[in-house]
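Novice: all I have is the shape, not the residue letters:
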């Protein structure tokens with residue numbers, strides 16, 4: 001009894017950590033599910049990675065970058081102009097938010113054991129408030145490292161974003177640097193932040209506390225996990241159904257095994273949200289499925305066990 005209670009406590013703890021400390025897609029749990037070893041191993045690994053200290057190599061890959069930025073200004077009676085500043089931001093959305101918002105794609109590649117290069121497709125989201133937003137509308141390649149797992153420190157290109165002794169460089173020329181707080185929510189979601197800061201450092205007028213830059217990173221190619229896999233048996237067949245919150249272009253690869261310690265075997269690749277496995281011999285069967293889109297694959301769904309008499 002004590003062993004069972006301890007196991008259930010550990011299971012609940014892992015699932016809580018996997019689903020709350022990490023917002024990335026993970027398998028659902030439903031009444032009747034089989035808590036398989038591979039399912040538990042995935043959740044233990046996910047929970048452990050989310051509480052470990054972030055390292056720079058975890059940023060390598062393709063990312064969707066969402067920028068929310070405020071460059072100072074003052075709000076009219078109608079609430080307009082609070083974050084407009086005096087910088088034209090190409091690609092900024094015209095909506096009712098106080099801050100300015102725009103999107104881009106980032107490629108982050110390993111530059112050395114402790115550094116990465118950050119390259120954007122269209123715009124530059126990084127800037128040093130002490131120097132203003134120098135190049136907001138052109139791609140810039142940055143060399144970055146993660147200090148203490150919490151601060152992203154980046155240097156601009158050697159031949160463009162530089163400054164001299166007249167504005168604080170101790171040598172003939174210095175590279176522009178940017179420092180942002182870095183927070184990893186899980187392996188597929190990060191946030192980089194500056195501020196809010198006093199905009200008087202940019203000689204802004206009006207609002208004296210209205211400068212911030214928040215960049216939300218979501219890893220490209222992460223597929224939602226097929227949810228709530230259900231099974232129904234009828235004579236020598238099993239009907240499977242599930243839910244999916246992702247793109248209608250995704251396919252679903254269904255796996256089955258016929259013994260507890262056996263290997264899962266792929267039995268179908270389909271686009272529907274249901275499947276019927278027919279002409280089965282008597283025995284036990286375990287089912288699990290994955291969403292597939294091109295080279296990308298989701299994590300596995302919950303596991304269902306059935307018995308054919």
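Specialist: Structure received. Quick caveat: nothing in here was measured; it's all calculated off a predicted structure.
Novice: out of everything not next to it in sequence, what's closest to residue 91?
Specialist: Leaving aside its chain neighbours, residue 91 sits nearest to residue 102 (4.3 Å; criterion: Cβ to Cβ, 6 or more residues apart in numbering). C-beta: built from backbone N, CA, C; applies to glycine.
Novice: phi first, then psi, for the residue lying closest to residue 190 once chain neighbours are set aside.
Specialist: Spatial nearest neighbour of residue 190, excluding adjacent residues (Cβ to Cβ, 6+ apart): residue 217 at 4.3 Å. Torsion angles at residue 217 (phi, psi; degrees, to the nearest 10) stand at phi -110, psi 130.
Novice: before we move on, back to that, what strands flank the host helix or strand of the residue nearest to residue 91, and is each parallel or antiparallel?
Specialist: Per DSSP states H and E, residue 102 falls inside strand 100-110. Partner strands and pairing direction for strand 100-110 (DSSP bridges) are strand 61-71 (antiparallel), strand 116-120 (antiparallel).
Novice: and it, how far out from the chain's middle?
Specialist: Distance, stretch centre to chain centre, for strand 100-110: 12 Å (Cα atoms, centre = their mean, to the nearest Å).
Novice: and residue 168, how many neighbours?
Specialist: By other Cβ atoms under 10 Å, 10 other residues sit near residue 168.
Novice: my error: substitute residue 225 in the last question.
Specialist: Using other Cβ under 10 Å, residue 225 has 23 other residues around it.
Novice: so where's the stretch 1-150 of the chain shaky on pLDDT?
Specialist: 1-51, 78-79, 94 (pLDDT under 70).
Novice: tell me where it has helices.
Specialist: For the stretch 1-150 of the chain, the helices defined by DSSP state H, counting those that start in this stretch cover 2-16, 37-51.
Novice: what helix or strand does residue 239 sit in?
Specialist: Following DSSP H and E, one finds residue 239 within strand 237-243.
Novice: in that strand, what's buried?
Specialist: 238, 240, 242 (16 or more other Cβ atoms under 10 Å).
Novice: of those residues, closest to residue 95?
Specialist: Nearest to residue 95 among the buried residues of strand 237-243, counting by Cβ to Cβ, is residue 242 at 34.9 Å.
Novice: that closest one and residue 156: what is the separation?
Specialist: 48 Å (Cβ to Cβ, to the nearest Å).
Novice: circling back: what is the neighbour count of the residue nearest to residue 91?
Specialist: 19.
Novice: partner residues bridging it?
Specialist: Beta-bridge partners of residue 102, as defined by DSSP bridges: residue 67.
Novice: do I have it right that it meets residue 123?
Specialist: Yes: shown here, residue 102 and residue 123 form a contact pair, counting by Cβ atoms under 8 Å, at 6.6 Å.
Novice: list the residues that contact both of these two?
Specialist: Common neighbours of residue 102 and residue 123, counting by Cβ atoms under 8 Å, 6 or more residues apart in numbering, are 67, 89, 90, 91.
Novice: surely the last one is in contact with residue 104?
Specialist: Yes: with contacts defined as Cβ under 8 Å, residue 91 counts as touching residue 104 at a distance of 7.4 Å.
Novice: before we move on, back to that, now for the residue nearest to residue 91: which residues touch it?
Specialist: 66, 67, 89, 90, 91, 92, 93, 123.
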